[in-house]
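J.: Sequence unavailable; structure follows:
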């Protein structure tokens, strides 16, 4: 799949029980040989053949980070960016797969699905649906591409199938995060200035606040529940990108901003095109 997030882990009460239930429901079990010191991680195949691990805190799986991972020694001075957790992950797939994977998640874990939303791409429509739990600790957006000319469709074609296209991290202060990331050398996705003119008029934003959003390439949305802030990276490899969000009571995913994000990503890709190997 090229540059991608090929696996995800879900924290559950009992990892082995979750695995047994998933297999009983028809999920394909994933297993591999272990090297010395490694532990067996219960897992099944998910979207695009990716791996879905089940983790818990009642076994050695609770020590997964110290057992399976080595810290990178790096003396580069970096400012803490204030990233708190995974807010959501976005999986891109062919539209005809969407119902299959909706059933997969709603059967395996305790989640509800939200109404389907059409995301407008200049080259076509992408159908988007979300599964999420009540606490908001698990949110998965699934984007079904109907043709390969959309940004989502091109991701599928370039990465040889469906998979995780972007990961969104949560922060409690997106302006502080943007400042720290800039100091660390991060260059965000550049958003068109026209977006902020429209935003200021649409929401009646204070001009100084709108300028602050613009200076940091932060997108903004608002609903009856609260406010939402989004900061994006450019794409890496075949189309993987990252998002940082701050929620102030807001429950959605910034669907109104998608067309502006897609336009910005397309502009980023246009000079050299997507890398091919």
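T.: Arrived safely. Remember, predicted model here, so these are calculated numbers, not experimental data. Numbers count the residues shown, from 1 in each chain.

J.: Low-confidence ranges, the stretch 51-200 of the chain, go.
T.: Scanning the stretch 51-200 of the chain for pLDDT under 70 picks out 160.

J.: switch to 90 and redo it
T.: For the stretch 51-200 of the chain, the stretches with pLDDT under 90 are 67-77, 95, 116-126, 145-163.

J.: mind listing the strands for it?
T.: 51-55, 83-94, 112-113, 117-121, 124-132, 139-145, 163-171 (DSSP state E, counting those that start in this stretch).

J.: Out of those, which is the most enclosed?
T.: strand 139-145 (a mean of 25; mean count of other Cβ atoms under 10 Å). In this view, the C-beta of every residue, glycine as well, is placed from N, C-alpha and C.

J.: Around the nearest residue to residue 53 once chain neighbours are set aside, count how many other residues there are.
T.: Computed as Cβ to Cβ, 6 or more residues apart in numbering, the closest residue to residue 53 that is not its neighbour in sequence is residue 9, at 4.1 Å. Neighbours of residue 9 under the rule other Cβ atoms under 10 Å: 16.

J.: got the phi/psi numbers for residue 9?
T.: Per-residue torsions, residue 9: phi -120, psi 140 (degrees, to the nearest 10).

J.: roughly how far apart are it and residue 62?
T.: Distance, residue 9 to residue 62, using Cβ to Cβ, to the nearest Å: 12 Å.

J.: Report the set of residues contacting both of these two.
T.: Counting by Cβ atoms under 8 Å, 6 or more residues apart in numbering, the contacts common to residue 9 and residue 62 are residue 55.

J.: Surely residue 22 is in contact with residue 108?
T.: Yes - using Cβ atoms under 8 Å, residue 22 is in contact with residue 108, at 5.4 Å.

J.: need the helices for the chain, in chain order.
T.: Applying DSSP state H to the chain gives helices spanning 15-24, 64-68, 98-108, 151-158, 174-183, 193-203, 207-215, 258-269.

J.: just those: most buried one?
T.: Among the helices of the chain, ranked by average contacts under mean count of other Cβ under 10 Å, first place goes to helix 151-158 (a mean of 22).

J.: before we move on, back to that, turn the strands of the stretch 51-200 of the chain into JSON lines, including distance to residue 192.
T.: Supplementary listing: those in JSON lines, determined by distance: least, Cβ to Cβ, whole Å:
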{"stretch": "strand 51-55", "distance to residue 192": "37"}
{"stretch": "strand 83-94", "distance to residue 192": "22"}
{"stretch": "strand 112-113", "distance to residue 192": "32"}
{"stretch": "strand 117-121", "distance to residue 192": "15"}
{"stretch": "strand 124-132", "distance to residue 192": "20"}
{"stretch": "strand 139-145", "distance to residue 192": "22"}
{"stretch": "strand 163-171", "distance to residue 192": "20"}
